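1. 3D model of this:
(2 chains)
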Amino acid sequence: MTAVPSTHVSGTLEASLRAGRDAGRKLLVPYLTGGLDDEWLLVLEALAGAGADAIEVGIPFSDPMIDGAVIQESSLRALQRGITPEGVLADLSRVDVGVPLVVMTYYNLIYRAGHERIAGSMQQSGVRGAIIPDLPLEEVGSWAEAADDHDVATVLLVAPSTPDERIAAICERARGFVYAVGRMGVTGEQVVLADSAREVARRIKAHTDLPVCVGIGVSTPEQAAAVCEVADGVVVGSALVRRLLEGAGPEGAADFVGSLRVAMDAG
Amino acid sequence: MTTDTTSSGPIMGDPGPTGRFGDFGGRYVPEALVPACIELEEAFRGAWADSGFRTELDGILRNYGGRPTPVTVCGRLSDQLGVRVLLKREDLAHTGSHKLNNVVGQGLLARRMGKHKLIAETGAGQHGVATATAAALFGMECTVYMGEIDTRRQELNVFRMELLGATVVPVTSGSRTLKDAVNEAMRSWVASVADTHYCLGSVMGPHPYPWMVREFQRVIGDEAREQCRDLLDGGDPDVVVACAGGGSNAAGIFAGFADDTSSELVAVEAAGGAAVTTGIPGILHGMRSALIQDEEGQILEAESISAGLDYPGIGPEHAHLADLGRARYVAAGDEAVLEAFQLLARTEGILPALESSHALAWVVAASASGELPAGSSVLINLSGRGDKDVAQVRDILRGRA
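-> The predicted structure is shown next:
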């Protein structure tokens, strides 16, 4: 099947991504900072229309420790517009873009809101998963339980520095997909794809049948296609957000994501 | 808040493999850094139990660092305040503050782990200078991240670090102060962790840092307790006072008194960055602790005359000591701090760091209000010397003239 389920109908993130993979499709997950500007929901729709299999929506935090200059700038812009976590979720509840939405944020915002409360808000907004990069395996327990109860998949990350036995434990607790960190570094565009991007995907796939998507340092159609020779898909953030900061708008975003789609489908 | 985890052990003991101090602490870092934190914890546990490591560290602190630092009884200041003031003189340690105790420990540990590059964050520049010093001593590369505002407030310390062979990177993100320097150091560490040790400067960050840095600073409290017993006919000071930003000098001196004495412990935060006094629990820089933040959890910017206390959080063990009631957390404002800075200069001939002047300011106020009864003995951790602050204080005082 190639039709993707609506975010507002039943179906988990994992089921949706597996369906895409089973249909022979490489998974494309663009990242967008929630509340970036007045037309961010139009951008969201444009990304879905351009061939995204899921969309990662950043809930901006004052101190984005794992983000490079581009995502820092987009977070700052969104915060200066007065966006709040509940505001991002309320906006998301008003749209149905037809592909699963996964939020990415930092743990303090989740902790302050309360696990139960914000997991419930995510569910009501049609959010299917959450990526919290500063909440590693040892600390994820009570959040992950609340998220499970609300059908919000806790996506966990594996880095090039993660030892094999730890990969196994992470994959066991991961839901939705496994986020393979492509390079040792913060988010940001790279001219050359790090060797570690394919290597980490290969190592993860030896431990799990969950979909494996590589993010951090995947910036171009060529890099996306190269990663997908090993991985099930890619997450592309800074390369897209930079274009949006430069004023690309929904059409420019769709063009870029469309070019990723074409390269991945051709690969 | 639960405090069960420490009911059986010492108050300032080993936080265990999860790095928990009651409800606080932990290891909230990106996955890429978790293996490095685990490696560091194992290395520190091994080193701390190794008498060879301890002997080498003690030897360097003694012969290179100038330890033990003395405790000075302040005659004129005591007369003026009506309480007996004793100063633990960390300002006399090499590089001018207590920061050396920690960086020599971490430098030796980095060498033990085979890492030859150090990165550090710094606020006032004292930790940056200390790290640059340790890097020079051990023949390591050193990069220091410093908020752009702080590089201007502490221009001489920037040059000092460069003289010592370090590279200083001004941080232009966020509030451009200590909080952002920590963010940038963490970002840099993710990309360099294979051959680089992050020499964190306070009792904060992910496990094992809060515990490890407190243990490296414990020498302050262990020395001071014995020195006070010599000076106070075998007794302990009624009150032990230290300033707290991240809280390393306070943790170091408290560690010598929390379990072994009944001395009252007082930590003085900057009024514009009072995490325990005005903050609420949250997660930042790898730890759960008390943080200044808004309702949603966005971190707020601290504001203080002292770059070293310009931080919206505090080490997790302090949040726990506050919960337990074993230490008390109070705040001092910029004005009182400036007064205290000048007071110590004129009565005792000692220029204290603006950070340490917070501790002094509280003692001045508490002795005037009677909160410190006349005749009490008060040990103040004079964590650093004020030479670095002279230009800034001159500008402030001249601006008023």
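2. what segments of the stretch 251-400 of chain B are helices?
-> B:275-278, B:316-324, B:334-348, B:354-369, B:390-400 (DSSP state H, counting those that start in this stretch).
3. and the longest one, what does it pack against?
-> It refers to helix B:354-369. Other elements packing on helix B:354-369 under the criterion 3 or more CB pairs under 8 Å, 6 or more residues apart in numbering or on different chains; DSSP states H and E are helix B:75-81, strand B:239-243, strand B:264-270, strand B:327-332, helix B:334-348, strand B:377-382. Glycine gets a C-beta too; all of them are placed from N, C-alpha and C.
4. swap in the first one?
-> In this structure, helix B:275-278 packs against strand B:264-270, strand B:286-291, helix B:316-324, strand B:327-332, with contacts taken as 3+ CB pairs under 8 Å, 6+ apart.
5. which residues are contacting that helix?
-> The contact list for helix B:275-278 (CB atoms under 8 Å, 6 or more residues apart in numbering or on different chains) reads B:244, B:267, B:269, B:289-292, B:311-314, B:318-319, B:322, B:329-331.
6. how about low-confidence regions in the chain?
-> I went with chain A, as the question did not name one. Counting by pLDDT under 70, the ranges of chain A that qualify are A:1-10.
7. chain B, not that one
-> B:1-8, B:401.
8. close to chain A: what parts of it are there?
-> The interface of chain B toward chain A, taken as CB under 8 Å from any CB of the partner chain, is made up of B:18, B:26-36, B:173-174, B:179-180, B:183, B:186-187, B:190-194, B:281-286, B:288, B:291, B:293, B:295-299.
9. buried ones only from those, please, as a ChimeraX command.
-> The following ChimeraX command selects only the buried members of the residues of chain B next to chain A, with burial defined by 16 or more other CB atoms under 10 Å in any protein chain shown:
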select /B:26,27,28,29,30,31,32,33,34,36,173,174,179,180,183,186,187,190,192,193,281,282,283,284,285,286,288,291,293,296,297,298,299
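10. tell me, how many residues neighbour the nearest residue to B:N381 once chain neighbours are set aside?
-> Taking CB to CB, 6 or more residues apart in numbering or on different chains as the measure, B:N381 lies nearest to B:A242, with 4.0 Å between them; neighbours along the chain are not counted. The burial count assigned to B:A242 is 32, neighbours taken as other CB atoms under 10 Å in any protein chain shown.
11. and the helices in the stretch 1-150 of chain A, which stretches?
-> Taking DSSP H, counting those that start in this stretch as the test, the helices found in the stretch 1-150 of chain A are A:13-22, A:40-49, A:69-80, A:85-93, A:107-113, A:115-124, A:141-149.
12. for the fourth one, list the C-alpha coordinates in PDB.
-> Same thing as helix A:85-93. The C-alpha coordinates for helix A:85-93 follow below in PDB (Å, rounded to 0.1, in the frame of the first residue of the first chain):
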ATOM      1  CA  PRO A  85       4.500  23.900  24.000                       C
ATOM      2  CA  GLU A  86       0.700  23.900  24.400                       C
ATOM      3  CA  GLY A  87       0.500  26.500  21.600                       C
ATOM      4  CA  VAL A  88       2.400  24.200  19.200                       C
ATOM      5  CA  LEU A  89       0.100  21.300  20.100                       C
ATOM      6  CA  ALA A  90      -3.000  23.400  19.800                       C
ATOM      7  CA  ASP A  91      -1.900  24.400  16.300                       C
ATOM      8  CA  LEU A  92      -1.300  20.800  15.300                       C
ATOM      9  CA  SER A  93      -4.700  19.800  16.500                       C
END
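13. who does that helix touch, helix- and strand-wise?
-> Counting contacts by 3+ CB pairs under 8 Å, 6+ apart, the secondary-structure elements packed against helix A:85-93 are strand A:101-104, helix A:107-113, helix A:115-124.
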